[in-house]
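> below: sequence and its predicted model.
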Amino acid sequence: MEEVSVAVRGISLNVLVDGPADGTPVLLVHGNCSSADFWRPLLRQLPPNLRIVAPDLRGYGRSDAAPVDATRGLRDFADDVAALLDERALFPAGGAVTVAAHSMGCGVVMHLLAAHPERVRALLFEAPLSPYGFGGTRDLDGTPTTPDFAGSGGGTGNPDFVRRIADRDRGVDSPTSPLNVLRTAYVADPASLGADEQLLLDTVLSTAIGDDNYPGDSRPSANWPGMAPGDRGVLNTMAPNHFNVAADLVAVPVKPPITWVRGDRDAIVSDTSFFDLAFLGSLGMVPGWPGAEACPPQPMVGQTRAVLDRYEAAGGRYTEVVLPGCGHSPHVERPAEVAAELLKLI
C-alpha cells in the first residue's frame with residue numbers, strides 16, 4: 001500500500017492508500033489503541049479493484065498527536081475523516097463511500113453519518129462502541145447510572161497499561177502489558193494473531209499518551225468508583241455525557257444499509273465487558289461496588305441492537321452477524337468472513 005501524509009484541519013494525518021483511482025471507494029476507520037495497520041489482515045482478503053483509504057486517526061500511528069476535545073464526543077476524529085473524503089488525491093471520483101469501522105472507530109463513523117449522510121453508501125460496524133458511549137449507563141435506553149456519569153471516561157484507563165504504552169513495552173511480564181492485552185482482550189484466540197502479532201503490537205504502541213490524547217483527564221466523584229469523566233482526551237470522548245448519538249442515528253434522513261459484525265467472545269464491547277468497571281465490580285475485582293440496582297453493568301450489545309431496531313423501524317435496514325468463538329477483532333481473527341460481509345455491502 002502507498003503511505004501518504006495529508007493535511008486536514010491544521011494537522012497531518014498518515015493515510016494508507018491502495019487500489020486504482022477509479023476503484024470502488026472504501027474507507028476503513030480503526031479503533032482505540034491501534035492504527036490503520038490494524039486492518040492489514042483484512043486487506044489481504046480484499047480484491048484489487050477497490051480503492052482503499054485507511055487513515056491513522058489523530059494521536060495514533062504516524063499521524064499528528066493533536067489534542068482531542070472530548071466535549072465534542074468523537075467529532076474531532078469524525079471531522080478529520082470527513083475532510084479526507086474531500087481529498088481528490090484519495091477519492092478521485094468523489095461521491096459516497098462504503099465505510100468499515102472497528103470499535104471506537106464505529107463511534108467516529110456514527111458521527112460522520114449523522115453529519116454527512118450523503119457521503120456514506122453503506123456501513124460495516126465491527127464490534128461497535130454503543131451509541132450511548134462506554135460505561136456509566138444502566139439500561140437499553142442509555143439512562144445514566146449517576147448524575148456525573150461516574151465509572152466512565154479518562155479515569156477508567158488502567159494506569160499500568162498506559163505507562164507501558166508510553167514506555168513502548170514489548171514484554172509479557174504483566175497481564176496489563178500491551179502484548180498480553182492484545183493477546184487476551186483484542187482477540188479470543190491469541191494464535192489468530194499469527195505472523196502479524198508484532199505488527200499489530202506496533203499499532204497499540206503507536207498510541208499517543210497524555211491528558212489530551214489517551215487516556216485523557218478525569219474528575220473525582222462522590223459516586224462509585226470515585227472518578228467521573230473529564231473534558232480532554234480519548235476515553236472521555238466515549239463517556240456518555242459527551243457521546244450519545246442514538247437519536248441522531250435514528251433521525252438520519254438518508255439511511256445506508258448497516259452490517260453489524262461481532263464475536264460472541266468479545267471481552268471489550270459486551271454486556272459483560274471486562275473493561276466496564278461496573279461489571280468488574282460485580283465480580284469483586286473493583287472494591288466497593290454498590291450492587292446491581294445502583295450500578296449494573298452496561299448492556300452494550302443490547303443497547304446497540306435496540307438503537308439499530310429503531311433505525312430499521314425509521315426506514316433503514318441492518319443485519320447482525322455473530323461469529324462464534326470470536327473476540328473483539330473479527331477482521332484479525334476471521335478476516336475472510338469479515339471480507340465477505342464487506343463485499344456483500346459493496
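Nice, thanks for sending it over.

> please enumerate the strands of the stretch 51-200 of the chain.
Taking DSSP state E, counting those that start in this stretch to define them, one finds strands in the stretch 51-200 of the chain at 97-102, 120-126.

> name every strand pairing with the longest one and say which way it goes.
Next to strand 120-126 in the sheet, as set by DSSP bridges, lie strand 97-102 (parallel), strand 258-263 (parallel).

> just so I know, which of those lies nearest V109?
strand 97-102 (4.3 Å; Cβ to Cβ). The C-beta positions use only the backbone N, C-alpha and C, and glycine is treated the same way.

> rounded mean pLDDT for the closest one, please.
For strand 97-102, the mean pLDDT works out to 98.

> gap between it and the chain center?
Taking Cα atoms, centre = their mean, to the nearest Å, one finds the center of strand 97-102 at 12 Å from the center of the full chain.

> neighbouring contacts of that strand?
Applying Cβ atoms under 8 Å, 6 or more residues apart in numbering, the contact partners of strand 97-102 are 24-31, 34, 38-39, 42, 53, 85, 91, 108-109, 112, 119-128, 329, 331, 342, 345-346.

> rewinding a little: between the strands paired with strand 120-126, which one is closest to L16.
strand 97-102 (13.4 Å).

> contact partners for the residue sitting nearest the centre point of the chain?
By Cα atoms, centre = their mean, the chain has its centre lying nearest to M104, at 1.5 Å. Listed by Cβ under 8 Å, 6+ apart, the contact partners of M104 are 31-32, 74, 129, 234, 238.

> from the residues you listed, pick the one nearest A7.
Minimum distance to A7 across the contacts of M104 is 21.0 Å, recorded for L74 (Cβ to Cβ).

> need the pLDDT of the closest one.
Confidence score, pLDDT, at L74: 98.

> and what of M1?
Reading off the model, M1 has pLDDT 89.

> what residues are up against it?
Counting by Cβ under 8 Å, 6+ apart, M1 has contacts 16-18, 43, 52, 54.

> circling back: mark which of the contacts of strand 97-102 are buried, thanks.
24-31, 34, 38-39, 42, 53, 85, 91, 108-109, 112, 119-128, 329, 331, 342, 345-346 (16 or more other Cβ atoms under 10 Å).

> related to what we said a few turns ago, dump the strands of the stretch 51-200 of the chain into TSV; add distance to D141 as well.
Formatted as TSV, the strands of the stretch 51-200 of the chain follow (distance: least, Cβ to Cβ, whole Å):
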stretch	distance to D141
strand 97-102	24
strand 120-126	20
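
> quick one: L27 is in a strand?
Yes. Assessed by DSSP: H, G, I helix; E, B strand; the rest coil, L27 belongs to a strand.

> my guess is it contacts D80. True?
No. Using Cβ atoms under 8 Å, L27 is not in contact with D80; the gap is 12.0 Å.

> return the residues in contact with the nearest residue to T145 once chain neighbours are set aside.
In space, and not counting its chain neighbours, T145 is closest to R138: 4.9 Å by Cβ to Cβ, 6 or more residues apart in numbering. Residues in contact with R138 (Cβ under 8 Å, 6+ apart) are 144-145, 295-296, 298.

> what do you get for E3?
14-17, 62.

> thank you, goodbye.
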